[in-house]
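Chemist: Next come a sequence and a model predicted from it.
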Amino acid sequence: MSNSKAVKDLMIGIFEYPHIPYWFSISQAVRIIRASFLSTKKYPEPMAILVFDEKYNLMGTLTLKDILKGIEPRFLKPSKKAQVPEEDESGLAIIWDTLFAKESKELAEKPVSEIMAPAKYFVEPTDPITKAAYLMLHHDLVLLPVLENKKKFVGLVRMIEIFDEISNAILKE
């Protein structure tokens, strides 16, 4: 892999992802995802939305996984068996029967700031892609914000582009 490849060579624009303010509710975020991705059959990898503050500073990201965990916290609790939690005698999980009960609908009114993944790690456009790969692997990130001069949010680098670049280098003869 060429060391001359920089993050800016793989970076995508910030407006390629839907974005919302941090005070939006989980249910509002669901509506945005449905309108932006599902109804248009546009499935970017990863399917996530960006969360901004009132000055348009990136605060974090919100994935489908974050949303599901936010509306059904029982998914996070491990079961005693290594199977689906709370199985009844028929083998069907009770959790599925109650998933969209009143409690989950109430939880969907929480602000997304309570469930988003905060943006803690960044790269500069001129950083090598190996730095982006390192940060993404060691912090389990699928999106990594790109900041210019450690202030201005100019884009994102995704794991898919990092993988594509590394796999091209491996497969070159």
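Modeler: Structure received.

Chemist: Quick test: name the residue nearest the centre of the chain.
Modeler: The residue lying closest to the centre of the chain (Cα atoms, centre = their mean) is Thr63, at 3.7 Å.

Chemist: Do I have it right that it meets Val142?
Modeler: Yes: the pair Thr63 / Val142 is scored as a contact, 7.4 Å apart, by Cβ atoms under 8 Å. (Glycine included, C-beta is placed from N, CA and C.)

Chemist: Any idea how far the lengthiest helix in the chain is from the middle of the chain?
Modeler: If each helix of the chain is counted by residues according to DSSP state H, the longest one is helix 159-171. Distance of helix 159-171 from its chain centroid, counting by Cα atoms, centre = their mean, to the nearest Å, is 20 Å.

Chemist: May I have that helix exported as PDB, CA atoms only?
Modeler: Extracted in PDB, the C-alpha atoms of helix 159-171 (Å, rounded to 0.1, in the frame of the first residue of the first chain):
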ATOM      1  CA  MET A 159     -14.300   1.400   6.900                       C
ATOM      2  CA  ILE A 160     -15.400   0.300   3.500                       C
ATOM      3  CA  GLU A 161     -13.000   2.700   1.700                       C
ATOM      4  CA  ILE A 162     -10.200   1.700   4.100                       C
ATOM      5  CA  PHE A 163     -10.900  -2.000   3.400                       C
ATOM      6  CA  ASP A 164     -11.000  -1.400  -0.400                       C
ATOM      7  CA  GLU A 165      -7.700   0.400  -0.400                       C
ATOM      8  CA  ILE A 166      -6.000  -2.300   1.800                       C
ATOM      9  CA  SER A 167      -7.500  -5.200  -0.200                       C
ATOM     10  CA  ASN A 168      -6.300  -3.600  -3.500                       C
ATOM     11  CA  ALA A 169      -2.800  -3.400  -2.100                       C
ATOM     12  CA  ILE A 170      -2.900  -7.000  -1.000                       C
ATOM     13  CA  LEU A 171      -4.200  -8.300  -4.300                       C
END
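
Chemist: neighbours around Gly155, how many?
Modeler: By the criterion of other Cβ atoms under 10 Å, Gly155 has 20 neighbours.

Chemist: Kindly provide the distance from the closest residue to it other than its chain neighbours to Leu144.
Modeler: Nearest non-adjacent residue to Gly155, counting by Cβ to Cβ, 6 or more residues apart in numbering: Met11, 3.9 Å away. For Met11, the distance to Leu144 equals 10 Å [Cβ to Cβ, to the nearest Å].
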